[in-house]
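**Student:** Okay, predicted coordinates and the sequence, questions at the end:
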Amino acid sequence: MDLHFGDSKPTDEERAAVDALLGPPESSWEGADRSDADLRWARGGRAARDRRDLLLPGLHAVNDRIGWISDGALDYLCRRLTVPPAEAYGVATFYAMFSVKPRPATVLHVCTDLACAAAGAPELCAGIEARLGLGSGVTVERSPCLGLCERAPAVLAVKAGDPVRTAVSAPATVERAVLAASAPDSAPEEPPAALAVPQAGQDGLMLLQRVGVVDPASLDDYRAHGGYTALRRAFELGPAGVIREVTDSGLVGRGGAAFPTGRKWQATASQPDHPHYLVCNADESEPGTFKDRVLMEGDPYALVEAMTIAAYATGAHRGYLYLRGEYPRALHRLEHAIAQARARGLLGDDILGQGYAFDIEIRRGAGAYICGEETALFNSIEGYRGEPRSKPPFPVEKGLFGKPTVENNVETLVNVLPILTMGAPAYAAIGTERSTGPKLYCVSGSVERPGVYELPFGATLGDLLALAGVREGLRAVLLGGAAGGFVRADELGVPLTFEGTREAGTTLGSGVVMAFDDSVPLPRLLLRIAEFFRDESCGQCVPCRVGTVRQEEALHRIVERTGAGAAGDIALLREVGRAMRDASICGLGQTAWNAVESAIDRLGAYE
């Protein structure tokens, strides 16, 4: 591709897609028709550069309308934003959901990750490809986890156009997948989010109490079930009082790092530099994780309210909700909820008449696991490749757009609502001394009732699997997803707390609990984990870029029984794993060896 402004011209459809987002161009420099444009000046160069953060939405606009991003479309978008084409090309090729090469308007993403692989995804994918054949007008792409693990195997169909149309089939068959791809408007409607919550409607739930009970589209129904009580209490307490309640509750981040939320909020609120920003990380791409999706689909107003409280406490007036691109229903639910809250005075310039201004903007991811790391997420929003930044400075000092930023995931934020309604002491009394409150667990694999479960910290792994109905022949349980670790079937007494799993030599992570019986070929499963990390590595640092490739190569040799033997490759794996853990710049490389190491040491995977 020509990596400078070239002669490629956008089609009328491509130009319309960009102009629908950015408005019509004002000068020929931006691509206006020369016949009615003033050629003597290029208006708003600095202002255009300040809109660099619209690069990702612009790429989405073209990809949604056309199905791929041509040289002409990229060139036109770059002119509109004054972005060097070489940089924009680097961004466009960073994300798995974009294509810079011609492809059919319909793309069928077939999940081949852990839960779906165990449920027959390879055979499903082969059957779909055989049924569609060549010249079908559908591209079949093997995809990492689609966040539909409770209904594995899963497929997502995306048909470009105005508007773009999507359809989800899960659990998928060849016939249902082909229907979703060929006629997404005619595909069966997805089941309600409540079906992913086996406990839906039970007494005692805190985070899931409204899922399956309220109409997720109705703001009035949400308020009738306690909605916006927490925000009113927040205004009574004031920003400092809210932070004190969150701190006293003992709430820590639910994304895996377990950093104290109150401390993060206080550090952001105390920064003299302004403006402050709030970012909700809804890019849950860890294989086996789907709790945030269920919350957003089943109780979207709770997230809007929680983000408003977090912003009020930390002095932010603008929030960004970074939503993974594979969640079309969550996107529609949140767009509706934000619009309704804005229309009813619950977002905007004067929330609840308190003189506080705050609004939320949704930014869609485009298929990059690394963007779950907070600084990579900031880069993605700003219009750069989603590569992690070195720390310090930390986000509370210099985060999004170089300003103080508080970043939390969906589950963490939603926990703030019961903290304010019931009070910090009552919340802190739930769970254990060091892991307080309730926790959501994503249970999938060899269980009778997969789904999202809510339990107080301190319940054991066996308690959780008993609720889910674990099947006979259980061989191992993966905790924490691909970045987590395995435990044996005789270790179900592990307490589900951050400290309990750490003492047991594993991790709680984001709450993934994936059960595997003895019918699942463990070596193939480990190879899929290695393939995932190799594919998702951003390539910025050498230990991860090279280490994930070497790990996959060694596991291929072991599975295929080639080379000198397993012992030598296992020794190599250990050496590479230590290098990645010690020297990688972010958590992806640091945890890429965890699951393989635990399978070798705890399960005897290759004995």
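**Tutor:** Received it, and whenever you're ready, just let me know what you need. Nothing here was measured: the structure is a model prediction, and the numbers come from that model.
**Student:** Next up, the contacts around residue 403.
**Tutor:** The contact partners of residue 403, by Cβ atoms under 8 Å, 6 or more residues apart in numbering, come to 273, 274, 275, 276, 277. Every residue, glycine included, has its C-beta placed from N, CA and C.
**Student:** one more time with 7 Å, if that's ok
**Tutor:** Residues near residue 403 by Cβ atoms under 7 Å, 6 or more residues apart in numbering: 273, 275, 276, 277.
**Student:** Just the pLDDT for it.
**Tutor:** Looking at residue 403, its pLDDT reads 97.
**Student:** Then residue 265?
**Tutor:** What the model reports as pLDDT for residue 265 is 98.
**Student:** hang on, isn't it packed against residue 311?
**Tutor:** No: with contact defined as Cβ atoms under 7 Å, residue 265 does not count as touching residue 311 (10.2 Å).
**Student:** any residues in contact with both of those two?
**Tutor:** Residues touching both residue 265 and residue 311 by Cβ under 7 Å, 6+ apart: none at all.
**Student:** rewinding a little: now the contacts of residue 403 in JSON lines, with pLDDT?
**Tutor:** Output for the contacts of residue 403, formatted as JSON lines (pLDDT from 0 to 100):
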{"residue": "273", "pLDDT": "96"}
{"residue": "275", "pLDDT": "97"}
{"residue": "276", "pLDDT": "98"}
{"residue": "277", "pLDDT": "98"}
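**Student:** Need the buried ones from these selected in ChimeraX.
**Tutor:** Typed into ChimeraX, the line below selects the buried ones among the contacts of residue 403, using 16 or more other Cβ atoms under 10 Å:
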select :276,277
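**Student:** could the contacts of residue 403 be laid out in CSV, adding secondary structure and distance to residue 357?
**Tutor:** Shown next, in CSV, are the contacts of residue 403 (DSSP: H, G, I helix; E, B strand; the rest coil; distance: Cβ to Cβ, whole Å):
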residue, secondary structure, distance to residue 357
273, coil, 19
275, coil, 11
276, strand, 13
277, strand, 14
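**Student:** ok, the contacts of residue 403 vs residue 453, which is closest?
**Tutor:** Taking Cβ to Cβ as the measure, residue 453 lies nearest residue 277 of the contacts of residue 403, at 32.8 Å.
**Student:** rewinding a little: now render the contacts of residue 403 as CSV, adding distance to residue 500.
**Tutor:** Converted to CSV, these look like this (distance: Cβ to Cβ, whole Å):
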residue, distance to residue 500
273, 39
275, 40
276, 35
277, 35
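**Student:** Closest one of the contacts of residue 403 to residue 334?
**Tutor:** The closest of those, once distances to residue 334 are taken by Cβ to Cβ, is residue 277, at 18.1 Å.
**Student:** gap between that closest one and residue 470?
**Tutor:** 43 Å (Cβ to Cβ, to the nearest Å).
**Student:** repeat for residue 209
**Tutor:** 26 Å.
**Student:** Identify each of the strands in the stretch 301-450 of the chain and give its residue range.
**Tutor:** 316-323, 359-364, 405-409, 438-445 (DSSP state E, counting those that start in this stretch).
**Student:** my read: residue 500 touches residue 494, true?
**Tutor:** Yes: counting by Cβ under 7 Å, residue 494 is a contact partner of residue 500 at 6.3 Å.
**Student:** From residue 323, how far off is residue 334?
**Tutor:** 7 Å.
**Student:** where do the contact lists of the two overlap?
**Tutor:** With Cβ under 7 Å, 6+ apart applied, the overlap between the contact sets of residue 334 and residue 323 consists of residue 362.
**Student:** tally of neighbours for residue 354?
**Tutor:** 12 (other Cβ atoms under 10 Å).
**Student:** Model confidence score at it, please.
**Tutor:** Reported pLDDT for residue 354: 96.
**Student:** repeat for residue 31
**Tutor:** So residue 31 comes in at 70 (pLDDT).
**Student:** so it touches residue 80, yeah?
**Tutor:** Yes: using Cβ under 7 Å, residue 31 is in contact with residue 80, at 6.5 Å.
**Student:** picking up where we left off before, can I get the strands of the stretch 301-450 of the chain in CSV including distance to residue 453 and mean neighbour count?
**Tutor:** Formatted as CSV, the strands of the stretch 301-450 of the chain follow (distance: least, Cβ to Cβ, whole Å; neighbours: other Cβ atoms under 10 Å):
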stretch, distance to residue 453, mean neighbour count
strand 316-323, 23, 22
strand 359-364, 28, 18
strand 405-409, 18, 26
strand 438-445, 5, 25
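**Student:** Now distance to residue 374 too, for the ones you listed, in TSV please.
**Tutor:** Listed next are the strands of the stretch 301-450 of the chain as TSV, based on distance: least, Cβ to Cβ, whole Å:
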stretch	distance to residue 374
strand 316-323	10
strand 359-364	14
strand 405-409	5
strand 438-445	20
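**Student:** give me the low-pLDDT residue ranges for the chain?
**Tutor:** Within the chain, the stretches with pLDDT under 70 are 1-6, 28-29, 33-49, 562-565.
**Student:** if you set the cut-off to 50 instead, what comes out?
**Tutor:** 1-2 (pLDDT under 50).
**Student:** Closest to the centroid, which residue in it?
**Tutor:** Central residue of the chain (Cα atoms, centre = their mean): residue 283, 1.7 Å from the mean position.
**Student:** For that one, give me its contacts.
**Tutor:** With Cβ under 7 Å, 6+ apart, residue 283 has these contacts: 322, 324, 365, 371, 372, 377.
**Student:** Quick one, which of those residues are buried?
**Tutor:** Among the contacts of residue 283, the ones that count as buried by 16+ other Cβ under 10 Å are 322, 324, 365, 371, 372, 377.
**Student:** Could I get the full set of strands for the chain?
**Tutor:** Using DSSP state E, the strands of the chain run over 106-111, 138-143, 155-159, 165-169, 276-282, 316-323, 359-364, 405-409, 438-445, 451-456, 474-479, 485-488, 512-517.
**Student:** Out of those strands, which is closest to residue 214?
**Tutor:** Among the strands of the chain, if distance is taken as Cβ to Cβ, the winner is strand 451-456, at 16.2 Å.
**Student:** So which residues make contact with the closest one?
**Tutor:** Contact with strand 451-456 is made by 150, 196-199, 205-208, 290-291, 294, 430-431, 438-443, 464, 467-468, 496, as judged by Cβ under 7 Å, 6+ apart.
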